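*Asks:* Just need the structure, nothing else, for what follows:
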Amino acid sequence: MKTMKLLAIGIVLMLVANQGMSQEALWQHDFEKEVEWSKITDAGVLLVGSTDMMLMGIDSRNGEKLWESDIMKGARGIKGADGKKQKESALFDQFLSVLESEEYPEMADYIGIKYTDNLTFKNYAIINLLTGEEVLSPRIRMEKGKTR
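*Replies:* The predicted structure follows:
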């Protein structure tokens, strides 16, 4: 079990910021739960997945938390092809991707989440990287249905 809750993103950020030979961390962030997964995006947002399956967007320049989402929580119960429980990091890797398109570069400001139990899709969403807004998901469809 990991014991460190304080995550210094210094190494990743030094590569991104290209600060020369300095080895100092640019910032530190104290997360409520342990970090299991992270990915830096071209938009400068550090995506962070925690042990409780929360997904967060962090501004890589200053460490400010931009948003957090519980959209990945339902993936916790999904088992691998071998029938065994998967680690949180594997679930984030498998079901989350930054959208890319040479024709529409603005798509890189969004992430796609789609997870399945290998029989049916369990959840899907398109999330704005900069705001955390779900622009497409079953929750939006349910909310729109309630307002009619």
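*Asks:* For the spatially closest residue to residue 85 that is not a sequence neighbour, give me the pLDDT.
*Replies:* Leaving aside its chain neighbours, residue 85 sits nearest to residue 79 (6.0 Å; criterion: Cβ to Cβ, 6 or more residues apart in numbering). C-beta coordinates here come from the backbone N, C-alpha and C atoms, glycine included. As predicted, residue 79 sits at a pLDDT of 80.
*Asks:* so where's the chain shaky on pLDDT?
*Replies:* Across the chain, residues meeting the criterion (pLDDT under 70) sit at 1-22, 117-121, 141-148.
*Asks:* at 50 what do you get?
*Replies:* Scanning the chain for pLDDT under 50 picks out the ranges 1-16, 19, 148.
*Asks:* Need the three-state assignment for residue 103.
*Replies:* coil (DSSP: H, G, I helix; E, B strand; the rest coil).
*Asks:* what's the answer for residue 139, then?
*Replies:* When the rule is three-state DSSP, residue 139 gets the label helix.
*Asks:* Compute the number of surrounding residues for it.
*Replies:* 13 (other Cβ atoms under 10 Å).
*Asks:* can you check residue 130 too?
*Replies:* 16.
*Asks:* ok, residue 78 touching residue 123?
*Replies:* No. Using Cβ atoms under 8 Å, residue 78 makes no contact with residue 123, being 9.8 Å away.
*Asks:* Need the residues touching each of the two.
*Replies:* Here residue 78 and residue 123 have residue 115 as joint contacts, going by Cβ atoms under 8 Å, 6 or more residues apart in numbering.
*Asks:* Run through the strands of this protein in chain order.
*Replies:* Counting by DSSP state E, the chain has strands at residues 6-8, 28-30, 35-40, 45-50, 55-59, 65-69, 96-98, 110-116, 121-128, 134-136.
*Asks:* Tabulate these (CSV), appending distance to residue 85.
*Replies:* Formatted as CSV, the strands of the chain follow (distance: least, Cβ to Cβ, whole Å):
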stretch, distance to residue 85
strand 6-8, 24
strand 28-30, 28
strand 35-40, 13
strand 45-50, 16
strand 55-59, 19
strand 65-69, 22
strand 96-98, 18
strand 110-116, 14
strand 121-128, 15
strand 134-136, 26
